[in-house]
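Visitor: Sequence and predicted model, in that order:
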There are 4 protein chains.
Amino acid sequence: MRQIIEKDFILIAYKDKRYFKEVSLGKSFHGKGGILQFSDLIGKHYGIKFGEYEIFEPTIEDIIMYGVKRETQVVYPKDGFFICFKLNITHCSRVLEVGTGSGALTLMISHAVGPEGQVVSFEKEDRHYKNAKKNIQRFARWENAELRHGDITDYSGDKFDAAFIDVKEPWLHLTKARSLMKGSGTLGIIVPTANQISEILKVLPDGFSDIEVLEIMLRKYKTVAERIRPEDRMVAHTGYLVFARKIANNEFTFSETETYL
Amino acid sequence: MRQIIEKDFILIAYKDKRYFKEVSLGKSFHGKGGILQFSDLIGKHYGIKFGEYEIFEPTIEDIIMYGVKRETQVVYPKDGFFICFKLNITHCSRVLEVGTGSGALTLMISHAVGPEGQVVSFEKEDRHYKNAKKNIQRFARWENAELRHGDITDYSGDKFDAAFIDVKEPWLHLTKARSLMKGSGTLGIIVPTANQISEILKVLPDGFSDIEVLEIMLRKYKTVAERIRPEDRMVAHTGYLVFARKIANNEFTFSETETYL
Amino acid sequence: MRQIIEKDFILIAYKDKRYFKEVSLGKSFHGKGGILQFSDLIGKHYGIKFGEYEIFEPTIEDIIMYGVKRETQVVYPKDGFFICFKLNITHCSRVLEVGTGSGALTLMISHAVGPEGQVVSFEKEDRHYKNAKKNIQRFARWENAELRHGDITDYSGDKFDAAFIDVKEPWLHLTKARSLMKGSGTLGIIVPTANQISEILKVLPDGFSDIEVLEIMLRKYKTVAERIRPEDRMVAHTGYLVFARKIANNEFTFSETETYL
Amino acid sequence: MRQIIEKDFILIAYKDKRYFKEVSLGKSFHGKGGILQFSDLIGKHYGIKFGEYEIFEPTIEDIIMYGVKRETQVVYPKDGFFICFKLNITHCSRVLEVGTGSGALTLMISHAVGPEGQVVSFEKEDRHYKNAKKNIQRFARWENAELRHGDITDYSGDKFDAAFIDVKEPWLHLTKARSLMKGSGTLGIIVPTANQISEILKVLPDGFSDIEVLEIMLRKYKTVAERIRPEDRMVAHTGYLVFARKIANNEFTFSETETYL
């Protein structure tokens, strides 16, 4: 049972509001529920009430939703959660990410691969690279995320178990990404528009198979026992997800050297 | 890059069909794409084509969808993926599960907590317990899942980071589950009906806060570049998900012993 | 081709904005696209551009969305359109409405039954009755809507082809509504919560059959050819719809007088 | 209160099954609920039980779902109901339809415009034209539907209040359809794919405005009071709907002849 210590990130809940804060000695939180001195929290356990405030240990979702500084559209938890599992990311997995953006998915992958796994993420845009770097330094629990400023063209490390692409023209990166993936490795792509799905599907079957396109919708409900009903409004769209697995381009014959692997 | 070895589980793809098989020497697979001798696969890499068949290394989703023997309604990947992340399950987490069912979610949790984490799962029904036991023995990658035949009433081990309940009357288990959870620990529940949400919400606020009710919908699309459109039909409902976090029942006062934790 | 005349209602479109106005001589519309003198519109045809403004003849949807003065939650077009057809409302139909609210559905029914049909609508709340009365006087194309201040208890006119109930406790009105309906007549109910569906279903099978419960979701897309994608947000919930048809309570026997009809 | 007469179409309900039949003297219906002699029904009222059968007067939805002989994909009620209202179709409207298909939407429009309205529908395919002709002769309540074998190129009748296009390449028909529409007239299009939306949006703004693209999803629920929950599966996609209104191509100037109208 962890106690709150200095420099911890905490989630403060006040009615429908959520505040993501760092516990800094000498500082305090001023909200509608009154003043909360961070020094009063030190040594207490998570899950306590302080006046009208509730103090929680942040989850990976809290970090993405309230902690990460966004300079780009981020991959939302509803999508990121699905992506990580769908790509079969687990303890020790090594994952390639093309397009770090603000690093939200990078953090979710880091969370999923654990301390012995790795995510190598490429970002071309200098400003986004620097912002993502900060987000990952602040929020990654383990040192398993390697951010690279540039694109994947020159990369030639070990092969990856899985790859994810989140850039405007993902079809331009398929060949290179594939060359860095293990056979049967899982590929994921997110794009906002149907036109992009179309472009991807034109080239994806060249070296990938078991292709799936889908979208995840999350509908929240009000939490009153006597009045069970959905919220009035919901997010209608974040992105379309495309998944596939690396397959040999040619049929296997026993005499061939398996050069594709 | 893993090579196929004896006793491996493999996923065979043939057009829209998927077959989940164990590589047994001397056995073969007979499908519409012809006969596949498992002995021919030994030593080959995953991600190859054999005639019209494609051979993939199974993902956690393949295991749930095609491997697990179902004697109950299982938690589907779209829900299970979301649940694991939402509960903040990661490397080393210790998770309580009430209602093992066929062990599908148990396997997903096992996948998420890694070799140093743990899931302790309770199942009252003898038949389901035995089936789940077999599923976990066959498919869990690490020995991190402890199945218990019975209910949680008598359990008194270390406290859990997270708990999940999948039984008909989850409200009967909230007090005990809560007593086994760390402060700020995450709770998840799945129920098929809105009536059950109502019953849960009547008692959940007693010791839990940050309550959310939601449903996840997954819509698949056809994969033809020139004709981007959703599939004709989709799953309309698997279950409603309820999430909450453990909170102290009383406001914290500095003199109090924090007995709730 | 109708020309714009004095007292017409018009829909003014300016980019994403829509303004519902009455053409009053001597008055003008002041918007971001400049000043529009209503007198300049007289004699013009609908569907013209005036500077950056576009002038349309209002549809029934425009009237509901932009014209009707709302003092209650109204039945939205996505639901109202479905309800009218589902109830089989057509030219000459006679329709009972319990709970006029602001008269939005009343107007849609009026639109559907035409000048020779009729909708008789009951509203208990004085304030809502008066507001609905004004809405119907302003916007109904034909004099086919009869508003009654009170409840249906004392009503005993001709039997209705269809009935719709939009009140908090619709189950209290089923017996009376049924007694005013023709055999095989269609019944519709709208309720915001699942708890209410449950209450309705407890009593509805007594005299009604062919029961359906459903919800209608409308997802809008952006209208850029190169970027086909849904809008970011959507309405997640307006109400659950319940439909049924009046059926004889007892099995028909040839000697019986058909008293139920 | 209508009595059942010879040649009536009736809907027979038996548990979850629905049978759409014509009352033919000397014939009978053989189902799991036993034999039903049609002659026994003559003179009875709708909404009665005959053993385990329930006899209903068919609604427009029953006609579309169970009556119409389909040789093409039909416009489903959930879409057709929305289309008719969205196009502002009401008593006396005159509506153009390009692509009759099996005549399902034609029947819904016929139902909406009433005996003094009109729908003129064009179908190029001889086989579909003949099938639609039969469907309309059997099921249209009023003689207000004019089917034409061919395309709209040569048509030059009075201008229409509304137009609907349901063909593979709707963009090819926009100019002609527009020339047959009144100013401010409403246009609707249904297409199955996002690629087609894209093609439409490339040309639609030339002469149409107030463009909307949307889809309607209908989710059905089980009807057990104690177990309120959606059905397991649902229709995920029928078509995308595009709506617009005719607008003058040039800004209105007072000296111009309004040639576009």
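Guide: Cool, got the structure.
Visitor: Every contact and neighbour count from this point should use C-alpha atoms.
Guide: Will do.
Visitor: which residues does the residue of the stretch 51-200 of chain A found nearest chain C contact?
Guide: Checking the stretch 51-200 of chain A residue by residue against chain C with CA to the nearest CA singles out A:Thr193 as nearest, at 4.9 Å. For A:Thr193, the contacting residues are A:239-240, C:227-229, taking CA atoms under 8 Å, 6 or more residues apart in numbering or on different chains as the criterion.
Visitor: Sort out for me which of those are in strands.
Guide: Cross-referencing the contacts of A:Thr193 against strands under DSSP state E gives A:Tyr240.
Visitor: which among the contacts of A:Thr193 are in contact with chain D?
Guide: C:Ile228 (CA under 8 Å from any CA of the partner chain).
Visitor: Does stretch A:70-84 reach chain B?
Guide: Yes - judged by CA under 8 Å from any CA, stretch A:70-84 comes into contact with chain B through A:78, A:81-82.
Visitor: In JSON lines, list those along with distance to chain D, pLDDT and neighbour count.
Guide: Written out in JSON lines, the entries for the residues of stretch A:70-84 next to chain B read as follows (distance: CA to the nearest CA, whole Å; pLDDT from 0 to 100; neighbours: other CA atoms under 10 Å in any protein chain shown):
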{"residue": "A:Lys78", "distance to chain D": "20", "pLDDT": "97", "neighbour count": "19"}
{"residue": "A:Phe81", "distance to chain D": "23", "pLDDT": "96", "neighbour count": "25"}
{"residue": "A:Phe82", "distance to chain D": "20", "pLDDT": "97", "neighbour count": "22"}
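Visitor: Just give me the closest of those to B:Met234.
Guide: Of all those, the one with the least separation from B:Met234 (CA to CA) is A:Phe82, at 17.3 Å.
Visitor: what helix or strand does the closest residue to the closest one other than its chain neighbours sit in?
Guide: Closest residue to A:Phe82 apart from its sequence neighbours, by CA to CA, 6 or more residues apart in numbering or on different chains: B:Phe81 at 5.6 Å. Assigned by DSSP states H and E, B:Phe81 belongs to helix B:77-86.
Visitor: got it, and A:Thr186?
Guide: Taking DSSP H and E as the definition, one finds A:Thr186 inside strand A:181-191.
Visitor: Next up, the contacts around whatever residue of the stretch 151-261 of chain A ends up closest to chain D.
Guide: Chain D sits closest to A:Ala194 of the stretch 151-261 of chain A, with a gap of 6.5 Å, by CA to the nearest CA. A:Ala194 makes contact with A:240, B:228, C:227-229, D:194-195, according to CA under 8 Å, 6+ apart.
Visitor: hmm, back to that, what pairs with the strand holding A:Thr186, parallel or antiparallel?
Guide: Paired strands of strand A:181-191, with direction, are strand A:160-165 (parallel), strand A:240-246 (antiparallel) (DSSP bridges).
Visitor: which residue ranges form the helices in chain A?
Guide: Taking DSSP state H as the criterion, chain A contains helices spanning A:60-62, A:77-86, A:104-113, A:126-139, A:174-179, A:194-203.
Visitor: Name the stretch among those that sits most buried.
Guide: Neighbour counts (mean count of other CA atoms under 10 Å in any protein chain shown) averaged over each of those peak at helix A:104-113, with a mean of 28.
Visitor: Can you give the contact residues for that one?
Guide: A:60, A:64, A:68, A:74-76, A:80-81, A:84, A:89-95, A:97, A:100, A:117-119, A:121, A:136, A:139-142, A:144-145, B:90-91, B:112.
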